[in-house]
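> Below is the sequence, then the predicted model.
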Amino acid sequence: MNELVNRDLEVVWHPYTQMKTAALPIPIVKGEGVYLFTDTGEKYIDAVSSWWVNIHGHSHPYIAEKVFEQLKKLEHVIFAGFTHPQAIILAENLLSIIPKNQKKVFFSDNGSTAVEVALKMCLQFWANKSEKRSKILAFKNAYHGDTFGAMAVSGRSAFTAPFDSLLFDVEFIDLPNRENLENLKSIISNLKSDLACFIFEPLVQGASGMLMYDAKDLDELILHCKQESVLTIADEVMTGFGRTGKLFASDHLINKADLMCFSKGLTGGTMPLGITTCKQEIYDAFLSDDKLKTLFHGHSFTANPVACAAANASFDILINPKTLANIQRIEAKHKAFKAQIEKHPKLKEVRQTGTIIALEWNTDGTSYFNSIRDTLYNFFLKKGIILRPLGNILYIMPPYVITDDDLDYIYQNINLALETL
Ligand SMILES: Cc1ncc(COP(=O)(O)O)c(C=O)c1O
């Protein structure tokens, strides 16, 4: 057995992995653009952007340079009572590209913590105003992370089952469509005096299988929440930074959420960092001579300067017109591929939003544990492509630097899988 793998097995416990039956981990020692390389020189196309984080390609020289520069200047400083240029620049940068109603930036470490902070901001917003509102509204099948608050507002599933009895109660509603919209609005109206907030993944529910829904319907729900004074949280952890074809999924909406969550692509996928933003009114509800109205939340590495430097470097690349052109190129390629395969008898549905395309295999039942998952995963690994199906849902979510040739190679192999598996 490979020496690195041997040592790994002795000491490491991997995420979302049944360590008894899982295949051996593949040791990666180098990344360049869309490619990952093993210690023995095998090359893989990272077609899932390493859990959806990588947007500009691996080991991007510009981000690496900025990270190194920052490391030599200041690696970290406590963020309570102190500040630093990279955090200020990042807050300014982010606020310049997200919806204009967002005014304040709160830092944390990852997507789950960005969600935790948003929930706490909403709950305490009402508490600080002496209004008793403690219920949270979320979509069925949502995924907002793995910490307890984030799990609670996620759909109950095999992932949450061992903890279900400890998760706080949440009102779950269906994804909106033309038929159920009025009913969803009346659910919100009936609950409004208890509802602290409504959290949602805008346009695409990622982990539950790239389930996609209409911006128009979400827009109406957000508007209704505003009319009923229910705060709204757009969890853009997955959809942010270009994934849906625009810089943010919220850019497809007329009505903007009151709070937003970011992570993953925030640093270009280089380093862990989370951000929660909010509108002025939320921030103002915490301003008081009463110290008990403070938002008592923070992590050791809040606004880590090196992570912020990576995010600022990623921002420079993101706003370069070439990046937007790449996003549009991938979107157009995906669209053409969808048109070519969507009638295939082995496929139940093909969905596409921006740079994400998802193919739902026609199997008996849709499940994360469907056996087609392993068959597809191994098939593509053998072809040098990392595609990690969510059960019977195969999806591509590549870094934006992927070439047309590499996309065509992935499409060809999907066609081959459809014909041969
Ligand atoms: C929409 C959404 N929110 C939150 C998270 C949690 O992010 P993290 O894994 O960084 O904690 C994820 C992760 O996949 C996500 O897709």
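Nice, I can see it. Given the structure is predicted, the values throughout are model-derived calculations rather than measurements.

> Please report how far the residue in the stretch 51-200 of the chain that the ligand sits nearest to lies from Leu416.
The ligand sits closest to Gly111 of the stretch 51-200 of the chain, with a gap of 2.1 Å, by C-beta to the nearest ligand atom. The way it works is simple: take the backbone N, C-alpha and C, and place the C-beta from them, glycine included. Using C-beta to C-beta, to the nearest Å, Gly111 is found at 34 Å from Leu416.

> got it, and Gly269?
Taking C-beta to C-beta, one finds Gly269 at 29 Å from Leu416.

> Looking at the two, which has the bigger crowd around it?
Gly269 (26 against 13; other C-beta atoms under 10 Å).

> I'd assumed that one was in a helix, is it?
No. Judged by DSSP: H, G, I helix; E, B strand; the rest coil, Gly269 forms no part of a helix; its state is coil.

> Now do it against Phe37, distance only.
From Gly269 to Phe37 the distance is 17 Å (C-beta to C-beta).

> same check, this time on Leu221
The value you get for Leu221 to Phe37, if C-beta to C-beta is used, is 45 Å.

> Compare the two (neighbour count), which wins?
Set side by side, Leu221 and Phe37 show more neighbours around Leu221, with 23 against 16, by other C-beta under 10 Å.

> State the pLDDT value of Thr366.
We have a pLDDT of 62 for Thr366.

> if we can go back for a sec, wait, the residue of the stretch 51-200 of the chain closest to the ligand sits on Gly274?
Yes. Using C-beta atoms under 8 Å, Gly111 makes contact with Gly274 at a distance of 6.1 Å.

> For the residue nearest the centre of the chain, give me its contacts.
The residue lying closest to the centre of the chain (C-alpha atoms, centre = their mean) is Met238, at 1.9 Å. Applying C-beta atoms under 8 Å, 6 or more residues apart in numbering, we find Met238 in contact with 52, 111, 201, 204, 206, 264.

> and the last one, what does it touch?
What it means is Lys264. The contact partners of Lys264, by C-beta under 8 Å, 6+ apart, come to 51-53, 111, 237-238, 240-241.

> Please apply the same query to the first one.
Remark: with contacts taken as C-beta under 8 Å, 6+ apart, Trp52 is in contact with 206, 238, 243, 264-265, 397.

> Neighbours of Glu228, how many?
The burial count for Glu228: 16, using other C-beta under 10 Å.

> Chain neighbours aside, what residue packs nearest to it?
Lys192 (4.3 Å; C-beta to C-beta, 6 or more residues apart in numbering).

> Who are the contact partners of that neighbour?
Taking C-beta under 8 Å, 6+ apart as the contact definition, Lys192 lies against 228-230.

> Would you reformat those residues as TSV and include secondary structure, distance to Asn141 and pLDDT?
Listed next are those as TSV, based on DSSP: H, G, I helix; E, B strand; the rest coil; distance: C-beta to C-beta, whole Å; pLDDT from 0 to 100:
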residue	secondary structure	distance to Asn141	pLDDT
Glu228	coil	23	97
Ser229	coil	26	96
Val230	coil	20	98
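
> Quick check: which ranges of this protein have low pLDDT?
365-367 (pLDDT under 70).

> and if we set it to 80?
Within the chain, the stretches with pLDDT under 80 are 1, 364-370.

> now the farthest one out in it, which residue is it?
Residue farthest from the centre of the chain, counting by C-alpha atoms, centre = their mean, is Asp289 at 36.6 Å.

> Sort out which of the contacts of Lys264 are buried, if you could.
Those of the contacts of Lys264 that meet the buried threshold are 52-53, 111, 237-238, 240-241, by 16 or more other C-beta atoms under 10 Å.

> With secondary structure added, can I get these in TSV?
Listed next are the buried ones among the contacts of Lys264 as TSV, based on three-state DSSP:
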residue	secondary structure
Trp52	helix
Val53	coil
Gly111	helix
Val237	coil
Met238	coil
Gly240	coil
Phe241	coil
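
> Contacts only, for Met121.
So Met121 contacts 106, 259, 276, 278, 282, 295 (C-beta under 8 Å, 6+ apart).
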